[in-house]
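Peer 1: need coordinates for the following:
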Amino acid sequence: MAAKTTKEPILILKNVGKAYEQPNRQLISIIDNINLELRQGEIVALFF
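Peer 2: Numbering: from 1, shown residues only. Here you go, the predicted model:
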């Protein structure tokens with residue numbers, strides 16, 4: 001668990017999503033409605 005900081009975010013992402021179109025034209029949602037705030041000194045890793 002990350003330590004809480006009071007610094008202002010250096011990066012803010014809101015409502016981020018990603019979908020891929022399949023050969024049959026169907027959309028497959030990979031991530032949906034992701035929110036992230038990153039502050040100086042924090043490290044974030046996403047694994048799929």
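Peer 1: give me the sheet partners of the helix or strand that residue 37 is a member of and which way each runs.
Peer 2: Assigned by DSSP states H and E, residue 37 falls within strand 27-39. Strands that pair with strand 27-39, judged by DSSP bridges, come out as strand 9-21 (antiparallel).
Peer 1: run through the bridge partners of the most centrally placed residue in the chain.
Peer 2: In the chain, the residue lying closest to the centroid (CA atoms, centre = their mean) is residue 34, at 4.9 Å. Residue 34 has these beta-bridge partners by DSSP bridges: residue 16.
Peer 1: contacting residues for it?
Peer 2: Applying CB atoms under 8 Å, 6 or more residues apart in numbering to residue 34 gives the contacts 13, 15-17. In this view, the C-beta of every residue, glycine as well, is placed from N, C-alpha and C.
Peer 1: what does residue 8 give?
Peer 2: If you count contacts by CB under 8 Å, 6+ apart, residue 8 has them with residue 39.
Peer 1: if I look at it, how far off is residue 30?
Peer 2: Using CB to CB, to the nearest Å, residue 8 is found at 30 Å from residue 30.
Peer 1: ok so, going back, looking at the contacts of residue 34, spot the one nearest residue 47.
Peer 2: If you rank the contacts of residue 34 by distance to residue 47 using CB to CB, residue 16 comes first, at 16.3 Å.
Peer 1: tell me, how many residues neighbour that closest one?
Peer 2: Residues near residue 16, counting by other CB atoms under 10 Å, number 11.
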